[in-house]
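S.K.: Model the following, please.
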Amino acid sequence: MSTRALRRLRGKQRGQEALDLGDLTLGDSPEKQVDEEEEEEQQLDVANVSPPANKKDSSRKSKKNKAQKSLGNIYELICDVDNEAEDPHLDEEAAKTDRNTTSGLEKDDNIDVDKPDQKLQEASAKSSGNQVKKKKKKKKTKASPEEGLRTVPDDNIDLLLENLEQPNGLSLQSENCGGSDRRSVLHVEHRNLNPETELKKYFGARAVLGDQRPRHRNRQFQSSNWMTAPKDSWPRHSRPGLSMTLLQSQDGIQYFTFEHSRDYQQLQFKFLDAVESMDPNNIVALLQLNPYHIDSLLQLSDVFRIQENQEMARDLIERALYSLECAFHPLFSLTSGTSRLDYLRPENRAFYLALYKHMIFLEKRGCPRTALEYCKLILSLDPDSDPLCMLLIIDFLMLRTREYQALLQLYQDWEEHRNLSQLPNFAFSTALSHFHLSKQEDMDPEESDKQRQKADLMLQNALIMFPGVLMPLLDLCSVQPDAAVTSHSFFGPKSQIGQSLALAELTALYVGRTYNVWREAGVMLWLEQSVREVLRRVDAKDPLVEDYQNKRKQRYQSAPRNIHRHVLLCEIKEAISSLPLEVTNQPVMSFDPLPPLDSVISYAQPERQPVGASNESTLSLFFRSLLPNFNLQGGPRQEDDMEVARAGHELNQEVNRLMVAMRDMLANIRFQEPPREDNPYRDEEEWD
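M.R.: Residues are numbered from 1 along each chain as shown. Below is the predicted model of the structure:
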């Protein structure tokens, strides 16, 4: 019953009572509505002792409006219907309400048509009260998870999800438990691709972000990027004509490729011309007009890096990554490990090189954890062929980040089909991982002894297999070896001279990159003990020494092309000096170092029209500018018509005669010298 109807029953006029601020609220809670409606019904029963007919009609209409207002939310209406169907006592209460209502109406001679509406009003009022009780009951069932999924209503989605997370509902998660450990080794996380995440752990968010926090409020909406965020100093990004296409999907693996539009192909041709000119200013001019051309950004970044402008070089690489990420296909994923990019296509190589150079900058910047994440990303793009040979650097990054268990897990999973023990970096890094695990404080003494025994055995085997690593490693660590070690033939100069070029390349690469992780005092003491044990085994003529010597002679005959490419990109002087001549003699472009021999070319640069022969004289070039058909050497003509060719031949003869006459004329020309004043008394230094 409405407030106005109650006021009329009490005999009060509008505006007599004080204004209550509680009446100005937008909506009352279900408990308040139930209390008000029960109070109105009690007052209505009191008023029904001698009710006038017109007041009864008005009260019915006001009650009908009140019911319509209480059912304004369609979701509350649906809940009321459900609760009516669920509550068994609801029909009895509705029947009692109908009897009470009809008994009150029988006393009146005027029977109104609104009796069904009144029943609906009272039933909805009762159901709203039951709805509150139902919600309380649902909260109680939520606190008892042992009842399972049977007691969960269909409309409570949160409770369903919580019950699914219980141990009795983990059937889907337990199916893939077998391959979870293997996926976790090369698993890429989005948040670890941002170097700020690692820097915040070291220095705190306030030191890393600085004054960038207040700017986020007024910053316009930008598309979220996982690898790099656009900077205010960058030019406005526009589609440069770079896109990505899905080639095929096979066995859960999706193969993508970048594509160049016609305009981007023309930019690529201009870039190649600028590279051939050997002038970096031409690349700068090209970037001013096209600030997001990928190869130009990569090439100019190397120019700034050579000039020791590391900040600008890193900024250009980040801009290239941002442009590449904006061109991603919607299905391309950085973290799933199922997206592939073929390095044989020249359009895809820029993405590989940008990721690698960004990884190197991050490692030098002091973010090895972020660099490791990018290393995993590059390896996941083509793990079979590994075009940039990321297996030569991933162990170093895992040692820097102290991911010893992950390194051992990778070695165990990939040793069977990739023979990682044949690489010097894995042979020494796995032994070093076992050594660091044995030094952990939270490890059991027995497990620590096992780890130390494994570390000793693996390091001794690594020194026997790769004896050329020891002396360069001690030299870079500024450690003077013992006289017994330097004088021994096994670790002496003969061990370095006798190894092949491919093995020398791998050895120099590992030593030049990871000598810093061997500089610790405890590690050097452990290395010294292992070297003495190896010399004892060599003097005792251990059969393993001869076996490993034969393996060194049979293997490492020539390194594959991806290892040469990795050595050129890492820029370690000791490793570059060991490259074979067929690599160092050919020109190497930093935007595409050592392209594969079986590249898949989608488009090629058109051949240039010859401007003219280089041995032509100036006079011949002058006549060629006047007469396009002129050809002094009698070379092939472009006209196919025989008559035109004959006429050109006759003209050629006439011009030849003219040139002979001009040569004679120029040969007989004598220049007359100006007269000189013969004055012997004139001083040469005298002013004129």
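S.K.: show me the residues around V479 that make contact.
M.R.: When contacts are counted by CB atoms under 8 Å, 6 or more residues apart in numbering, V479 touches M524. The C-beta positions use only the backbone N, C-alpha and C, and glycine is treated the same way.
S.K.: Could you check how far it is from Q310?
M.R.: With the distance defined as CB to CB, to the nearest Å, V479 ends up 30 Å from Q310.
S.K.: Could you check the pLDDT of S448?
M.R.: At S448 the predicted local confidence, pLDDT, stands at 92.
S.K.: my guess is it meets S438, correct?
M.R.: Yes: using CB atoms under 8 Å, S448 is in contact with S438, at 4.8 Å.
S.K.: Looking at those two, which has the bigger crowd around it?
M.R.: Just comparing S448 and S438: by other CB atoms under 10 Å the higher neighbour count belongs to S438, 19 against 15.
S.K.: which residues does the more buried one contact?
M.R.: S438 makes contact with S448, D449, Q451, R452, A455, according to CB under 8 Å, 6+ apart.
S.K.: Quick check on those: which are buried?
M.R.: Buried subset of the contacts of S438 (neighbour count, 16 or more other CB atoms under 10 Å): Q451, R452, A455.
S.K.: tell me which of the residues you listed is nearest to S590?
M.R.: Distance from S590 was checked for each of these by CB to CB. The minimum falls on A455, at 39.6 Å.
S.K.: what about the closest one, distance to D449?
M.R.: Taking CB to CB as the measure, A455 falls 11 Å from D449.
S.K.: Based on its surroundings, how many neighbours for Q440?
M.R.: The local packing count at Q440 equals 12, with neighbours defined by other CB under 10 Å.
S.K.: Is it correct that it falls within a strand?
M.R.: No: counting by DSSP: H, G, I helix; E, B strand; the rest coil, Q440 is not part of a strand but coil.
S.K.: Next up, phi/psi of it, please.
M.R.: Torsion angles at Q440 (phi, psi; degrees, to the nearest 10) stand at phi -70, psi 140.
S.K.: ok, now the one 10 residues further on?
M.R.: According to degrees, to the nearest 10, the main-chain angles of K450 amount to phi -60, psi -40.
S.K.: Okay, strands next: where are they in this protein?
M.R.: 242-250, 253-260, 339-341 (DSSP state E).
S.K.: Most tightly packed of those?
M.R.: Neighbour counts (mean count of other CB atoms under 10 Å) averaged over each of these peak at strand 339-341, with a mean of 21.
S.K.: Neighbouring strands of that one in the sheet, and parallel or not?
M.R.: The partner list of strand 339-341 in its sheet, established with DSSP bridges, is strand 253-260 (parallel).
S.K.: quick one: least confident helix or strand in this structure?
M.R.: Ranked by mean pLDDT, DSSP states H and E, the weakest helix or strand in the chain is helix 74-86, scoring a mean of 38.
S.K.: With pLDDT and distance to V588 as added columns, please give the buried ones among the contacts of S438 in TSV.
M.R.: Converted to TSV, the buried ones among the contacts of S438 look like this (pLDDT from 0 to 100; distance: CB to CB, whole Å):
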residue	pLDDT	distance to V588
Q451	93	43
R452	94	45
A455	95	39
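S.K.: P280: which of those residues is nearest?
M.R.: A455 (49.3 Å).
S.K.: Can you pull out the low-pLDDT segments for this protein?
M.R.: Residues of the chain meeting the criterion pLDDT under 70: 1-184, 206-224, 608-656, 659-660, 662-688.
S.K.: quick one: which of the strands of the chain is nearest F328?
M.R.: Comparing the strands of the chain by CB to CB, strand 242-250 comes nearest, at 5.6 Å.
S.K.: packing partners for the closest one?
M.R.: Under the contact definition 3 or more CB pairs under 8 Å, 6 or more residues apart in numbering; DSSP states H and E, strand 242-250 sits against strand 253-260.
S.K.: follow-up on the earlier one: Y292: which of the strands of the chain is closest?
M.R.: Minimum separation from Y292 across the strands of the chain (CB to CB) falls at strand 242-250, 8.1 Å.
S.K.: Mind exporting the C-alpha coordinates of that closest one to CSV?
M.R.: Output in CSV follows, covering the C-alpha atoms of strand 242-250 (Å, rounded to 0.1, in the frame of the first residue of the first chain):
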residue,chain,number,x,y,z
LEU,A,242,54.0,-5.0,-43.2
SER,A,243,51.6,-7.8,-42.3
MET,A,244,51.5,-11.4,-41.2
THR,A,245,49.7,-14.3,-42.8
LEU,A,246,48.9,-17.8,-41.5
LEU,A,247,50.2,-20.3,-44.0
GLN,A,248,49.0,-23.6,-42.5
SER,A,249,48.2,-25.4,-39.3
GLN,A,250,49.5,-29.0,-38.8
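S.K.: oh, and call the first residue 639 from now on, that's how I've got it
M.R.: Happy to do that; since the first residue is 639 now, the last one works out to strand 880-888.
S.K.: so that strand versus strand 891-898, what angle?
M.R.: Between the axis of strand 880-888 and that of strand 891-898 there is an angle of 160 degrees, by axes from the mean of the first three to the mean of the last three CA atoms, to 10 degrees.
S.K.: What strands line up against strand 880-888, and which way round?
M.R.: For strand 880-888, the pairing partners within the sheet under DSSP bridges are strand 891-898 (antiparallel).
S.K.: which outside residues touch the strand it pairs with?
M.R.: 879-887, 906, 962, 965, 967, 969-970, 976-980, 983, 985-986, 988-989, 1240-1241.
S.K.: how does it look with 7 Å?
M.R.: 879-886, 906, 965, 967, 969-970, 976-980, 983, 985-986, 989 (CB atoms under 7 Å, 6 or more residues apart in numbering).
S.K.: Relative to V1176, how far out is H1074?
M.R.: Distance, H1074 to V1176, using CB to CB: 27 Å.
S.K.: how about the closest residue to V922 other than its chain neighbours, what does it touch?
M.R.: Closest residue to V922 apart from its sequence neighbours, by CB to CB, 6 or more residues apart in numbering: L938 at 6.8 Å. Neighbour list for L938: P918, I921, V922, L925, L954 [criterion: CB under 7 Å, 6+ apart].
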